[in-house]
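Trainee: return a 3D structure for these sequence lines:
(2 chains)
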Amino acid sequence: MAKIKGAVVVNTERCKGCNLCVVACPSDVLELHPREVNNKGYHYVYMKEPDKCIGCANCGQVCPDGCLTIYKVKI
Amino acid sequence: MELKDIIKPENLVYEKPRLMNENPMHYCPGCSHGVIHKLIAEVIADMGLEDKTIGVSPVGCAVFAYNYIDIDWIEAAHGRAPAVATAAKRLNPDRMVFTYQGDGDLAAIGTAETIHAANRGENIVIVFVNNAIYGMTGGQMAPTTLEGMPTSTTPYGRNIALNGHPLKIGELLAKLEGTCLVTRQSVHTAAAVKKAKRSLRKAFENAMAGKGTSVVEFVSTCSSGWKTTPDKANKWMEENMFPFYPLGDLKNKEEGI
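Mentor: This next block holds a predicted model:
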C-alpha cells in the first residue's frame, strides 16, 4: 500500500486559534501553540506531529478563516 | 521525507478559495460564517460565475461579507435582502443573485420579504445562517432560539408561554409553491461541509436555470453568543439544534421530496 504523507501550512497571522481544526484532525497532528501568539494575541495552530499527517484536508475544510493550506504526496 | 519536499505546488490539495481576499475576517474565532463564506466562494469559482454573481449582504454579523468575497455586492436594509435581490435578478436575469442572511435578519424583521420572495418564486438563492441567536448585538433571543435556551434577554431560557415557539423557517418556506429547493445543512465537520457544498451548488444551478427560489439553511454556531468555546458549541449544536432542526432536504422538486 502506498504511503501518504501530508503537510499543513498555517497562515499564522490569519489564525484565530479557534481549535476547530485540532478537533477535526483524525491523526492528532495539530495543536494550538502553547506559548507563541500572533500579532492579534491568538495562540495559532501548528503541526505538533508532522509525521502523522495524511493530507486529508479535514482541517482546511472546517477552518473558518481559510488559514490552512494542505499538501499531500504519495511515497 | 522532509516537509519542504511535500510543500510543492503540484502536491496542493486544499487552499483558501481564490475568490476570498486577504482581508482578515472580523468574525469571532470559530464562527460558522467563515466556513459558509468559503463554500460560497468555492461554488462561485467552480461554476465560473465570479463575473456574473451579485450577492446581497444583510444586517447582522455578515454585514461585512462584501469585504471578503471578490464578487459584486449590494448592502440591503435590515431584513430586506430578498426584496433587493428580487430587483437585481429581474433587472439582470442573466446574473446569479443570492442573499446571505442570518436568523435575526431573515426570520424576524425580514419575514415578510422572505416569504413573499419565495412565494413569488424569484430565481434567487437565499442563504440562511441559523444560529438561534442575535450574534452581533450581544446574544439576544431570536425567533429561532430553542425552548429553554438561555440568551441575554431570556437568561432563564426561552419560555414558550411568554416568548412563543421557535420558528421553523425552512419548513415554512418548503410549503410554498415558489420554492424549488429548501435544504438544511451544517458545517461542523468536514463531511458536513462537503455535503453542504453540493447543496449550495445545486441551489446556484437552480437559480441560473430559472427554476424558482432555492433556500439553503445552515444550522450554525455562535460560540460568543452561546458563551462557550467553538468546539463545545459544535457539540451543543449536534445535541440540541439537530433534533429540532433536522438536517437534509426539506423540499427538492427535482427529486420529488
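
Trainee: quick one: neighbours of residue 28, just the number.
Mentor: The chain I'm using is chain A. 10 (other Cβ atoms under 10 Å in any protein chain shown). C-beta coordinates here come from the backbone N, C-alpha and C atoms, glycine included.

Trainee: think we crossed wires, I meant chain B
Mentor: Other residues close to B:Cys28 by other Cβ under 10 Å number 19.

Trainee: what sits against it?
Mentor: Going by Cβ atoms under 8 Å, 6 or more residues apart in numbering or on different chains, B:Cys28 touches A:16, B:222-224.

Trainee: farthest pair in these?
Mentor: Across the contacts of B:Cys28, no pair lies farther apart than A:Lys16 and B:Cys222, at 14.8 Å, counting by Cβ to Cβ.

Trainee: on the three-state scheme, B:Val97 is what?
Mentor: strand (DSSP: H, G, I helix; E, B strand; the rest coil).

Trainee: how about a markdown table for the contacts of B:Cys28, with neighbour count and pLDDT added?
Mentor: Listed next are the contacts of B:Cys28 as a markdown table, based on neighbours: other Cβ atoms under 10 Å in any protein chain shown; pLDDT from 0 to 100:
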| residue | neighbour count | pLDDT |
| --- | --- | --- |
| A:Lys16 | 26 | 95 |
| B:Cys222 | 29 | 94 |
| B:Ser223 | 23 | 94 |
| B:Ser224 | 20 | 94 |
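
Trainee: can I get these in JSON lines with secondary structure?
Mentor: Shown next, in JSON lines, are those (three-state DSSP):
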{"residue": "A:Lys16", "secondary structure": "coil"}
{"residue": "B:Cys222", "secondary structure": "coil"}
{"residue": "B:Ser223", "secondary structure": "coil"}
{"residue": "B:Ser224", "secondary structure": "coil"}
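
Trainee: mind listing what the closest residue to B:Gly60 other than its chain neighbours touches?
Mentor: Spatial nearest neighbour of B:Gly60, excluding adjacent residues (Cβ to Cβ, 6 or more residues apart in numbering or on different chains): B:Gly102 at 4.0 Å. Contact analysis of B:Gly102 by Cβ under 8 Å, 6+ apart lists B:58, B:60-62, B:128-131, B:135.

Trainee: excluding chain neighbours, what is closest to the residue in the stretch 1-150 of chain B that chain A sits nearest to?
Mentor: Closest to chain A within the stretch 1-150 of chain B is B:Gly34: 2.7 Å, counting by Cβ to the nearest Cβ. Nearest residue to B:Gly34 in three dimensions, chain neighbours excluded: A:Pro64, at 2.7 Å (Cβ to Cβ, 6+ apart).

Trainee: and whatever residue of the stretch 51-200 of chain B ends up closest to chain A, backbone torsions?
Mentor: Closest contact between the stretch 51-200 of chain B and chain A, by Cβ to the nearest Cβ, is at B:Ala190 (4.0 Å). With angles defined as degrees, to the nearest 10, B:Ala190 sits at phi -60, psi -40.

Trainee: just give me the neighbour total for it.
Mentor: The burial count for B:Ala190: 19, using other Cβ under 10 Å.

Trainee: which residues are in contact with it?
Mentor: Shown in contact with B:Ala190 (Cβ under 8 Å, 6+ apart): A:24, A:56-58, A:61-62.

Trainee: and stretch B:146-156, which residues are buried?
Mentor: Along stretch B:146-156, these residues count as buried under the neighbour rule (16 or more other Cβ atoms under 10 Å in any protein chain shown): B:146, B:149, B:151, B:153-154.

Trainee: keep only those of those residues that are in strands.
Mentor: Among these, DSSP state E puts none in strands.

Trainee: tell me the first helix or strand C-terminal of the lowest-mean-pLDDT helix or strand in chain B.
Mentor: Using mean pLDDT, DSSP states H and E, the weakest-scoring helix or strand in chain B turns out to be helix B:3-6, at a mean of 86. Where DSSP states H and E defines the elements, the next helix or strand beyond helix B:3-6 is strand B:12-14.

Trainee: what packs against that next one?
Mentor: On a contact count with 3 or more Cβ pairs under 8 Å, 6 or more residues apart in numbering or on different chains; DSSP states H and E, strand B:12-14 meets strand A:68-74.

Trainee: okay, now the sheet partners of the strand it packs on, with direction.
Mentor: Under the criterion DSSP bridges, strand A:68-74 sits next to strand A:4-10 (antiparallel), strand B:12-14 (antiparallel) in its sheet.

Trainee: next, the buried residues of it.
Mentor: A:68-73.
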